[in-house]
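Q: Predicted model, plus sequence, below.
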Amino acid sequence: MVQATPFLLLLSLALVAPGLCARKSSLLQCVLTGRWANDLGSNMTIGAMNAKGEFSGSYHTAVSATSNTIQLSPLQGSQHRTNQNSQPTFGFTVKWTFSDSITVFTGQCFVDADGKEVLKTMWLLRSRVDNIKDDWKATR
């Protein structure tokens, strides 16, 4: 289970692999494909996007509330683009391989004033609970 706060945490993921920012029609374009890291030390890799905007990859979290050994976990997602020059919105799901929980992320890719790609995301984590009476504490 990933460590959570009482509210949804805003994550800023900065691109690790330089040079993935594409120039098109003199506008900078965000490209989700590549390796990303956040300020907590977690990282993810997003593979090639198909024609529908679907992608898969992996996520390695640096934070966890479980005593289990943290393991690389698969992710599945999709992006939405209104045109080729947009800074796309996207969402993906991580199925944690080391705990009985799933996290969904939603966000948008931006190109900042320095030309750096930045992902702004919100996440929601759902953990398994033993009965419906504990449902209130299962989502963070």
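A: Now that the structure is in, tell me what you want to look at.

Q: any idea how far the residue nearest the centre of the chain is from residue 37?
A: Nearest to the geometric centre of the chain sits residue 105, at 5.3 Å (C-alpha atoms, centre = their mean). According to C-beta to C-beta, to the nearest Å, residue 105 stands 14 Å off from residue 37. For the C-beta atoms, the positions are set from N, CA and C on the backbone; glycine is no exception.

Q: What of residue 70?
A: For residue 70, the distance to residue 37 - C-beta to C-beta - is 15 Å.

Q: ditto for residue 64
A: 17 Å.

Q: ditto for residue 120
A: Counting by C-beta to C-beta - residue 120 and residue 37 are separated by 15 Å.

Q: which stretches of this structure form helices?
A: Using DSSP state H, no helices are found in the chain.

Q: the bottom helix or strand of it by mean pLDDT?
A: strand 22-24 (a mean of 41; mean pLDDT, DSSP states H and E).

Q: Show the contacting residues for residue 70.
A: 60, 61, 62, 64, 98 (C-beta atoms under 8 Å, 6 or more residues apart in numbering).

Q: and residue 112, how many neighbours does it have?
A: With neighbours defined by other C-beta atoms under 10 Å, the count for residue 112 comes to 10.

Q: ok, and the closest non-adjacent residue to residue 62?
A: residue 41 (3.5 Å; C-beta to C-beta, 6 or more residues apart in numbering).
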